[in-house]
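1. I'd like to go over a predicted model; first the sequence, then the structure.
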Amino acid sequence: MATKSNTDKVDEVRKAAERLHSEARTADQLMESITVLLNEQMLKYNWVGFYMLEPGANPPMLVLGHYRGAMTPHDRIPLNQGICGAAASTGKTVVVDDVKKDPRYLACSLETKSEIVVPVFVRGTVAGELDIDSHFLAAFADEDRELIEYCAQLVGKRLESA
Ligand code: SME
């Protein structure tokens, strides 16, 4: 059997995420099912998880939510730390092709080589983020970024209707 191209796989997973969005009863359920989908279907997405901003925390704090992959020591991350803090504080997607070369990187697993963090917006404000680590260098091409941003948007939409 021929192997699917990454583009075909991204398309298939995008449609599956759309279905999960229409089926999920709560934002929490959607976040859990998206972590499973991305971790199981995208072979280079070795750790997939959500960090959400703790309501009312001062200073602001990202707290680990649903995830799939190895346990991480980083279950709470302040906004001035890590790739996670950078994405949440700027409201911009951060793609790191080689984590060894990024001084902001907080190590989670020795196997991680690249990472992407995409903010989740609720009514225009960052509410959390979707973080993905890969055991492969430069695992996140433009089409991966679009897929992950789309998943983060679905979660933001569902949180808005909560
Ligand atoms: N690497 C992240 C920390 C979270 S773990 O990847 C799960 C960072 O630098 O913020």
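-> Now that the structure is in, tell me what you want to look at. Just so it is clear, the model here is predicted, and its values are computed rather than measured.
2. helix or strand for Asp144, which one?
-> If you go by DSSP states H and E, Asp144 is part of helix 142-160.
3. likewise for Pro73?
-> Counting by DSSP H and E, Pro73 is found in no helix or strand.
4. how deep is the closest residue in space to it that isn't next to it in sequence tucked in, by neighbour count?
-> Excluding the flanking residues, the one nearest Pro73 by C-beta to C-beta, 6 or more residues apart in numbering is Cys108, at 7.2 Å. Glycine gets a C-beta too; all of them are placed from N, C-alpha and C. Cys108 has 21 neighbours, counted by other C-beta atoms under 10 Å.
5. check Glu160 too.
-> 13.
6. cool, Ser114 as well?
-> By other C-beta under 10 Å, the residues close to Ser114 number 22.
7. looks like it contacts Lys100 (just checking).
-> No - contact between Ser114 and Lys100 fails when scored by C-beta atoms under 8 Å: they sit 9.9 Å apart.
8. any idea how far Pro73 lies from Thr26?
-> Distance, Pro73 to Thr26, using C-beta to C-beta, to the nearest Å: 28 Å.
9. torsion angles phi and psi at Asn39?
-> Main-chain torsions, Asn39, degrees, to the nearest 10: phi -70, psi -40.
10. look at Pro73 and Thr26 and report which has more neighbours.
-> Thr26 (11 against 8).
11. so what's the more buried one up against?
-> Applying C-beta atoms under 8 Å, 6 or more residues apart in numbering to Thr26 gives the contacts Arg158, Ala162.
12. same check on Glu160?
-> Glu160 neighbours (C-beta under 8 Å, 6+ apart): Val122, Arg123.
13. report pLDDT for it.
-> Glu160 carries a pLDDT score of 96 in this model.
14. then Cys108?
-> 87.
15. OK, contacts around it?
-> When contacts are counted by C-beta under 8 Å, 6+ apart, Cys108 touches Trp47, Ala70, Thr72, Pro73, His74, Asp133.
16. skipping adjacent residues, who's closest to the first one in space?
-> Excluding its sequence neighbours, the residue lying closest to Trp47 (C-beta to C-beta, 6+ apart) is Gly69, at 3.2 Å.
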